[in-house]
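Engineer: need a structure here:
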Amino acid sequence: MAKSRPASIQHDRNTYGEKSRSEGLSYLVCFLLVLCVTLSSLVPLAFYKIYHLERMMVSKTELQTILEQHEKTDNIEQEDTNISLMEVNIKSHRVARANQRCTCPPGPKGDPGPRGERGRKGPDGRKGKEGDMGGKGERGTDGLKGELGDKGQMGLPGPRGISGPMGPKGEIGGRGYDGINGTKGSEGLKGDMGATGTPGSPGEAGSDGQTGPPGPRGPRGHQGLKGEAGVSPPLPSLEQIESIIIARLPSNLTHIGTSMMDVIHLVGVPENEASGLSRLDVHGTFKSWEVSVLSVGFQLLEDGNVTVATDGKYFIYTNVLFYDTSSYYGASTNINGQTFTQCVGSRSSVHARFGPCSSSGVANLKAGDKVGIVGSFPLRTVDMRPEATYFGIIKLQ
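Structural biologist: Take a look at the predicted model:
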């Protein structure tokens, strides 16, 4: 029994300690709850007090404003009272003077009194009726032009407008180059012969008319049988050429003979042997030449020009026969590319085809100078037979 008592005492102590701790926690929780309730009740009260103070401040401000208005009203009423007393005194003074009978003459007019204080402003009057609307005012001056804005995006293309009136007719352009002759069409059928008319009485014989232009070249016939081999015709003799040259020389040089001259005589070479025709190129240069008579001092080049070997005075002559339907034709004799002589002609009829063109002249040439013929109009047809187109140079001694 003596050993078991201390154990029970220790157990009681532990139990009491735990109970004490649990009671302490309970008190702490209760205290916290009471504190929260108290704070929750004090917060609305504090907000109410703040709101009440603000209202009191506003009320105090309003009260001060009302007192100031009352003071102003009292001052105005006091001024009105003073004005009324002054008016009463003035009226009583006038009545007393009117009742008093004084035989004395009136005294001099007194000085005007000082100007009284300005009276208070009266109440605003009633708003008047609305007046009639005024007339439209003049247009004001235009304002300054604003800056150019950014370029907007291109819109969709609009519908095509109505075509405008036709403009005035332009000037007629220059005549173009004649085209290449086309092929001749097939011959039409021969028409029926008409009825024979009654013969008329013979008229007087008229005078011979002028010879008309040569007719157009007929169609090419069928090729004939091959003939026997012949002998080619001889070239013109020196005497024949001399007669041609002498006929073309100026009158003061006709006494000179070919034996005293250096001569070159060129004749044309046709592209078409049958027709004897050739067609010029786009530059109009005459290149197809054959030397008929030649002495020393001249040289025929591949481009159709002739060069002279020595300086001196030379007689130059040309003859060209054009064959086409163009209105104009012409050729020029050039020395080193510069025009020396020129011939130009026109056809009088649309049916005319031949166009002769000749020129001649005397020029001072130096060794190495080039002489040639160029057509004035390119792509023309020329009769290049030797008797139709030729070219020559003679050195005069």
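Engineer: which outside residues touch stretch 292-305?
Structural biologist: By CB atoms under 8 Å, 6 or more residues apart in numbering, the surrounding residues in contact with stretch 292-305 are 235-236, 238, 241, 261-267, 285-289, 291, 306-310, 370-373, 386, 390, 392-393, 395. In short, each C-beta sits where N, CA and C put it, glycine included.
Engineer: Check those for burial and list the buried ones.
Structural biologist: Applying a neighbour-count criterion of 16 or more other CB atoms under 10 Å, the buried members of the contacts of stretch 292-305 are 236, 238, 241, 261-267, 285-289, 306-308, 370-373, 386, 390, 392-393, 395.
Engineer: Are we agreed that residue 382 is in a strand?
Structural biologist: Yes: remark: residue 382 belongs to a strand, assigned using DSSP: H, G, I helix; E, B strand; the rest coil.
Engineer: Any figure for the gap between it and residue 342?
Structural biologist: 16 Å (CB to CB, to the nearest Å).
Engineer: swap in residue 63?
Structural biologist: Distance from residue 63 to residue 342, by CB to CB: 128 Å.
Engineer: More neighbours: which of those two?
Structural biologist: Higher neighbour count among residue 63 and residue 342: residue 342, with 15 against 10, using other CB atoms under 10 Å.
Engineer: Quick one: classify that one as helix, strand or coil.
Structural biologist: Counting by three-state DSSP, the backbone at residue 342 sits in strand.
Engineer: what pairs with the closest residue to it other than its chain neighbours across the strands?
Structural biologist: Setting aside the residues directly before and after it, residue 342 is nearest to residue 332 in space (CB to CB, 6 or more residues apart in numbering), at 4.0 Å. For residue 332, the beta-bridge assignment (DSSP bridges) gives partners residue 342, residue 374.
Engineer: give the contact list for residue 332.
Structural biologist: Contacts for residue 332 were tallied using CB under 8 Å, 6+ apart; they are 339, 340, 341, 342, 343, 359, 373, 374, 376.
Engineer: ok, now which ones touch the second one?
Structural biologist: With contacts taken as CB under 8 Å, 6+ apart, residue 340 has the following neighbours: 316, 332, 333, 334, 361, 363, 371.
Engineer: And the pLDDT for the second one?
Structural biologist: Same thing as residue 332. The model reports residue 332 with a pLDDT of 95.
Engineer: Roughly how far does it sit from residue 343?
Structural biologist: When distance is defined by CB to CB, residue 332 is 8 Å away from residue 343.
Engineer: what does the fifth one give?
Structural biologist: From residue 361 over to residue 343 the distance is 11 Å, taken as CB to CB.
Engineer: which residues in the stretch 201-350 of the chain form helices?
Structural biologist: Taking DSSP state H, counting those that start in this stretch as the criterion, the stretch 201-350 of the chain contains helices spanning 238-248.
Engineer: Can you flag which of the contacts of stretch 292-305 belong to strands?
Structural biologist: Counting by DSSP state E, the part of those found in strands is 262-267, 289, 291, 306-308, 370-373, 390, 392-393, 395.
Engineer: Now the contacts of residue 332 in JSON lines, please, with extra columns for distance to residue 351.
Structural biologist: Shown next, in JSON lines, are those (distance: CB to CB, whole Å):
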{"residue": "339", "distance to residue 351": "31"}
{"residue": "340", "distance to residue 351": "33"}
{"residue": "341", "distance to residue 351": "30"}
{"residue": "342", "distance to residue 351": "26"}
{"residue": "343", "distance to residue 351": "22"}
{"residue": "359", "distance to residue 351": "26"}
{"residue": "373", "distance to residue 351": "27"}
{"residue": "374", "distance to residue 351": "28"}
{"residue": "376", "distance to residue 351": "22"}
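Engineer: Taking those residues together, which two end up most distant?
Structural biologist: Largest separation among these by CB to CB: 340 and 376, giving 13.6 Å.
Engineer: And the strands in the stretch 1-150 of the chain, which stretches?
Structural biologist: Assigned strands in the stretch 1-150 of the chain: none (criterion: DSSP state E, counting those that start in this stretch).
Engineer: hey, where'd the helices end up in it?
Structural biologist: In chain order, the stretch 1-150 of the chain shows helices spanning 4-99, with DSSP H, counting those that start in this stretch as the criterion.
Engineer: shaky segments in it?
Structural biologist: Low-confidence regions of the stretch 1-150 of the chain, defined by pLDDT under 70, span residues 1-14, 16, 58-60, 73-104.
Engineer: Same check on the stretch 201-350 of the chain?
Structural biologist: Along the stretch 201-350 of the chain, the parts satisfying pLDDT under 70 run over 203, 205-261.
Engineer: Just to check, residue 357 is in contact with residue 331?
Structural biologist: Yes: applying CB atoms under 8 Å, one finds residue 357 in contact with residue 331, separated by 5.2 Å.
Engineer: quick one: which of the two has more around it?
Structural biologist: It is residue 331, of residue 357 and residue 331, that has more neighbours when counted by other CB under 10 Å, with 30 against 21.
Engineer: ok, now how distant is that one from residue 269?
Structural biologist: From residue 331 over to residue 269 the distance is 17 Å, taken as CB to CB.
Engineer: Thanks a lot, see you next time.
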